[in-house]
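In: give me a model of this one.
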Amino acid sequence: MRFIGGKSLMLNQIDSVINENINDDISIVGDLFCGSGVVSQHFKRQGKKVISNDIMYMSYALVRGMTELNTTPNFDGLSGIDVFEYLNNISTEIDKSTAFIYKNYAPNDSCNRMYFQPNNALKIDAVRQQIAEWLQNKKITESEYYYLLACLISAVPYVANITGVYAAYLKHWDKRTYNQLQINPIEIINSNKTCKSYNMDAIELCKSQKFDLVYIDTPYNQREYSANYHILETIAKYDMPAINGVTGMRPYRKSAFCSKSSVKQAFESLFHNLQSKYAIVSYNNEGLLDTKEMISLFNHFGTVKLYEYPYRRYKSKIPNNRIGLKEQIYFINLEGE
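Out: The predicted structure is shown next:
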C-alpha cells in the first residue's frame, strides 16, 4: 500500500543500525506510529513480538488485520462461500442513500468530487456494508472482520483518482480508476508470537507497555496524515461523519508532531514515558526540528547515534535530487551505555 513516509525502502538500513548497535536479545518491539504496517510486518517476520499502534483507525485496522493473525482465516461461519470471489462479484444494487462513499466521493446528481468512478465507489460501500453485516450476524469473528477490512483498505488506492494522498483528487480521470475494485487476500506471517495492535495516543500507550526496542516514525512536517488519508479513515470507521470543503474532509485531531510550537514538547513527553532499552527514530534533516535540535533532545534520554541516507520519495528507488535532503535514523541507547 502506498503511504507517505512508508519505510519499505529503509528496512535494510533499519536492520543495519540494529545489528551495529544491539548485541542482546530483542524480543518485544513497539511500532508506535505504525502507518501502513510495513515495519511491524518486517519485525514480525523476524520472529519478534510486535506491539503496533497508530492514532488513525485505518492504520490500526490495517495492521490489526495483518499482525495479530498467525494464520489466514478460514471463515468457518461462511461455509460454502469463497469469500473473495463473493466480495469481488458483489452486487452494487444497494440503497444509494446508505452508500456514503458513493454519495460523497464520486460524481452523481448531488456530488461532483472525483475520487472514485461511481461503480467503484458503490462497490466499496457494498463490500464495507457486507463485512459489517457478517460481523453483526456473527458469521465472521472479530479477527476475520479486521482481516477483511484490511484487505479492503489495501485495495482502495488502486482505483483512487489521486496522486498518492486523499487531500485532493485529480481533475481528470487517471487510467487506474477504470480498473474494477479487486479485493485480494493479504499476506499473513506466522511467527508463533502473540502480537497486539492499539489505536491510541502513543504517549499513553508508553505509560503501560514495556519494550526492548521501539521504532518511532512521527510526522516530519506540518502535513497531517489524518487529512491526507481521510477517505481511508472513513472507509475503515464507516461512521458517516459530517464532512466539509472541496475534498469532503472529515473532522480530525491535529498531531502535536505536526506543529513547530509543540513538536519538541511532544517528543519530550513521549521519551519521558518510554519504557524501553533502545529507540530508533526516523526523521529527515528538513523536519520541524533540525538535526542539532533532535540530537540535543535525545541526549537527555540516552546516548545518540545519527545515520543519514539519500532521501527517497514514496516508494521510488531513485534518490531525490534535492540537494542536502536526507533520510535520518537516530539510534538512542536509553540505558546510556
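In: C-alpha only now, for contacts and for neighbours.
Out: Will do.
In: need the nearest residue in space to the most centrally placed residue in the chain, chain neighbours excluded.
Out: Geometric centre of the chain, nearest residue: residue 35, 2.3 Å, by CA atoms, centre = their mean. Spatial nearest neighbour of residue 35, excluding adjacent residues (CA to CA, 6 or more residues apart in numbering): residue 59 at 5.2 Å.
In: against residue 102, how distant is the one you found?
Out: Here residue 59 is placed at a distance of 22 Å from residue 102 (CA to CA, to the nearest Å).
In: same deal with residue 311?
Out: Here residue 311 is placed at a distance of 37 Å from residue 102 (CA to CA).
In: and the helices in the stretch 51-200 of the chain?
Out: Ranges of helices within the stretch 51-200 of the chain are 57-67, 83-88, 100-105, 118-136, 142-155, based on DSSP state H, counting those that start in this stretch.
In: out of the ones you listed, which gets nearest to residue 286?
Out: helix 57-67 (25.2 Å; CA to CA).
In: between the closest one and helix 142-155, how many degrees?
Out: 120 degrees (axes from the mean of the first three to the mean of the last three CA atoms, to 10 degrees).
In: could you say what helices and strands helix 57-67 packs with?
Out: If contacts are counted by 3 or more CA pairs under 8 Å, 6 or more residues apart in numbering; DSSP states H and E, helix 57-67 sits against helix 38-45, strand 49-53, helix 142-155, strand 196-198, helix 230-237.
In: what sits against the closest residue to residue 270 other than its chain neighbours?
Out: Excluding the flanking residues, the one nearest residue 270 by CA to CA, 6+ apart is residue 203, at 5.0 Å. Residue 203 makes contact with 269-270, 273-274 under the criterion CA atoms under 8 Å, 6 or more residues apart in numbering.
In: where does pLDDT dip in this structure?
Out: Residues of the chain that meet the criterion pLDDT under 70 lie in 1-6, 312-323, 337.
In: how is it carved up into domains?
Out: What automatic domain parsing lists as the domains of the chain is 1-70+189-219+255-337, 72-187.
In: picking up where we left off before, make JSON lines from the helices of the stretch 51-200 of the chain and add mean neighbour count and distance to residue 298 to it.
Out: What follows is these, written out as JSON lines (neighbours: other CA atoms under 10 Å; distance: least, CA to CA, whole Å):
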{"stretch": "helix 57-67", "mean neighbour count": "26", "distance to residue 298": "27"}
{"stretch": "helix 83-88", "mean neighbour count": "15", "distance to residue 298": "47"}
{"stretch": "helix 100-105", "mean neighbour count": "22", "distance to residue 298": "43"}
{"stretch": "helix 118-136", "mean neighbour count": "19", "distance to residue 298": "43"}
{"stretch": "helix 142-155", "mean neighbour count": "22", "distance to residue 298": "35"}
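In: can you lay out those helices as JSON lines showing distance to residue 255?
Out: Below are the helices of the stretch 51-200 of the chain laid out as JSON lines (distance: least, CA to CA, whole Å):
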{"stretch": "helix 57-67", "distance to residue 255": "14"}
{"stretch": "helix 83-88", "distance to residue 255": "35"}
{"stretch": "helix 100-105", "distance to residue 255": "25"}
{"stretch": "helix 118-136", "distance to residue 255": "28"}
{"stretch": "helix 142-155", "distance to residue 255": "22"}
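In: what's the closest of these to residue 283?
Out: helix 57-67 (19.4 Å).
In: now do that closest one and helix 38-45, the angle between them.
Out: Going by the same axes, to 10 degrees, helix 57-67 makes 20 degrees with helix 38-45.
In: just the CA coordinates of helix 57-67, formatted as CSV?
Out: Provided in CSV are the C-alpha atoms of helix 57-67 (Å, rounded to 0.1, in the frame of the first residue of the first chain):
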residue,chain,number,x,y,z
TYR,A,57,-8.2,4.0,12.9
MET,A,58,-7.4,3.0,9.3
SER,A,59,-3.8,2.2,10.3
TYR,A,60,-5.0,0.3,13.3
ALA,A,61,-7.5,-1.7,11.3
LEU,A,62,-4.9,-2.4,8.6
VAL,A,63,-2.2,-3.6,11.0
ARG,A,64,-4.6,-5.5,13.3
GLY,A,65,-5.8,-7.4,10.3
MET,A,66,-2.2,-8.4,9.5
THR,A,67,0.0,-8.7,12.6
